[in-house]
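# Just to be clear, the model below is a prediction. Sequence and coordinates:
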Amino acid sequence: MTGQALKSLVESMFEVVRDRSTPEELAIVCPVPGCGDQSGNRGVSLKNGKTHCWRCNTGGDFVRWAKWLGYAFDDNETIAVTPEELCLLLEPPKPKLVVPVINPISLPKGFHPCFDNPDSAFTKAIGEMARRKNLELEDLVMEGVGYVLEDQKWEPFAVFPVLEFERLVYFQGRTYWDEPGVSTKKFPSRVEAPLSSRYWLYDIDRLRQPEVDTVVIVESILNVASLKKKFAELGVTNMIPVCVFKHAISKPQFYKLLRFKNIKEAILLFDFDAIDLSWEEAKKIDDLIRVSIAEMPLSAVNRKLDPNDDVDAAWAAIERREPYSLAGRAVRKINTAAEYFSNPDLHSIIVDLTTQPS
């Protein structure tokens with residue numbers, strides 16, 4: 001890309017320094033983390049499409065370089081960044097300069113938000129589902145939940161929009177009623193949402209609040225709703241729960257957290273049968289941010305006890321969280337084994353962590 005097309009693109013994405021620019025080259029304030037440029041030391045050649053910064057000495061083809069930084073383009077191309085390259089981006093560009101990788105998507109056809117239709121039978125069914133999860137309809141209405149009438153594939157599901165930078169990036173469905181042995185969740189296809197759930201963090205925009213210094217990472221949107229309600233009751237304002245949709249945080253999700261310089265600690269909070277995976281994930285990321293493990297208690301009644309089932313137990317787990325360490329993980333295995341063998345009610349849970357490799 002060269003010429004006027006490149007000039008328009010650069011001007012729309014970066015801060016151009018006019019008095020240092022020429023008809024053949026634009027000067028911009030370099031956004032590379034750690035560069036510290038303030039006067040426009042990065043040049044973008046309109047003749048050959050190359051870029052270079054005289055301060056941090058990085059550059060190359062402009063489009064490839066911009067993708068490396070996390071920018072997306074109108075042709076719906078997505079980033080191809082290796083983990084090694086991501087490790088160089090410990091201090092990503094300021095939010096006002098970031099163009100997130102967002103492919104335009106739409107909610108299922110016939111989506112109706114519950115707050116617009118409080119008397120609908122679907123809204124009432126969602127309210128019943130909320131109460132089974134120790135929540136109220138109002139809690140889910142605050143999350144933007146709605147129902148679908150014109151798409152048979154999504155009609156059986158309450159649909160939760162997922163926003164990033166206040167734009168729709170994803171959505172997820174949850175059944176109105178629980179059936180034993182049947183999954184309660186539904187994810188959109190790649191046609192409906194080109195990037196999968198591993199790229200997104202539910203409720204990430206709230207991390208921009210300046211008083212927030214701790215993120216609590218959970219598996220489900222309903223867990224987020226339960227913790228938000230609990231934090232409000234307790235007057236806790238420095239913690240924000242976010243959902244990663246699965247039992248572990250992906251590298252793209254984790255590196256998105258690094259955009260927020262106000263976040264000092266990440267707490268991994270999953271149900272008990274997934275907590276060992278949490279420790280494995282912590283081992284990968286704890287050198288980049290302080291990582292703590294909060295364990296839901298071992299339950300003979302509910303192997304997958306989570307914040308929806310017992311939000312008080314979730315808060316207690318957060319309060320007694322432990323910084324990640326290999327030694328701490330070993331102690332946990334010993335304590336878990338002791339509890340397992342001393343309590344006959346727990347013998348039905350096939351979780352002998354002492355046999356798992358460290």
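Sure thing, it's come through.
# which residue ranges form the strands in this protein?
For the chain, the strands defined by DSSP state E occupy 25-28, 42-45, 50-53, 59-61, 111-113, 146-148, 157-164, 167-175, 185-186, 214-218, 239-243, 265-270, 290-295, 322-323.
# residues making contact with the first one?
Identification of contacts with strand 25-28 by C-beta atoms under 8 Å, 6 or more residues apart in numbering yields 7, 10-11, 14-17, 20-21, 40-47. Every C-beta, even on glycine, is put in place using the N, C-alpha and C of the backbone.
# Indicate which one of the strands of the chain is closest to R132.
With respect to R132, and counting by C-beta to C-beta, the nearest of those is strand 167-175 at 11.1 Å.
# If we go by neighbour counts, what in the closest one is buried?
Buried residues in strand 167-175, counted by 16 or more other C-beta atoms under 10 Å: L168, V169, Y170, F171, Q172, G173, R174, T175.
# Could you tell me how far the fourth one is located from L107?
Going back to what we said before, that points to F171. For F171, the distance to L107 (C-beta to C-beta, to the nearest Å) stands at 6 Å.
# Can you pull the residues that touch both of those two?
Shared contacts of F171 and L107, defined by C-beta under 8 Å, 6+ apart, comprise V159, P161.
# returning to what we had before: export the strands of the chain to CSV and append columns for distance to G3.
Putting the strands of the chain into CSV (distance: least, C-beta to C-beta, whole Å) gives the following:
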stretch, distance to G3
strand 25-28, 12
strand 42-45, 11
strand 50-53, 13
strand 59-61, 15
strand 111-113, 42
strand 146-148, 45
strand 157-164, 32
strand 167-175, 30
strand 185-186, 46
strand 214-218, 43
strand 239-243, 42
strand 265-270, 44
strand 290-295, 47
strand 322-323, 53
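# Looking at these, which is nearest to D203?
Across these, D203 has its closest neighbour in strand 239-243 (5.1 Å, C-beta to C-beta).
# Contacts only, for the nearest residue to Y176 once chain neighbours are set aside.
Excluding its sequence neighbours, the residue lying closest to Y176 (C-beta to C-beta, 6 or more residues apart in numbering) is A125, at 4.4 Å. Residues in contact with A125, defined by C-beta under 8 Å, 6+ apart, are Y147, A158, Y176, W177.
# Buried ones among these?
Among the contacts of A125, those classed as buried by 16+ other C-beta under 10 Å are Y147, A158, Y176.
# The first one and V169, how far apart?
Relative to V169, Y147 is positioned 20 Å away (C-beta to C-beta).
# likewise L26?
L26 is 30 Å from V169, by C-beta to C-beta.
# same thing with W54?
36 Å.
# pLDDT value on the closest residue to S250 other than its chain neighbours, please?
Using C-beta to C-beta, 6+ apart and skipping residues adjacent in sequence, the residue nearest S250 is R198, 4.1 Å away. pLDDT for R198: 86.
# got a list of contacts for stretch 263-270?
Against stretch 263-270 from outside (C-beta under 8 Å, 6+ apart): 207, 212-219, 223, 239, 247, 249, 254, 257, 275, 277-278, 281-282, 285, 289-294, 296, 306-307, 314, 317-318, 321.
# Return the set of buried residues in that stretch.
Neighbour counts over stretch 263-270 (16+ other C-beta under 10 Å) mark I263, E265, A266, I267, L268, L269, F270 as buried.
# the helices in the chain, which residues?
Per DSSP state H, the chain carries helices over the ranges 3-13, 62-69, 83-86, 121-132, 137-141, 221-234, 251-257, 275-285, 311-319, 326-342.
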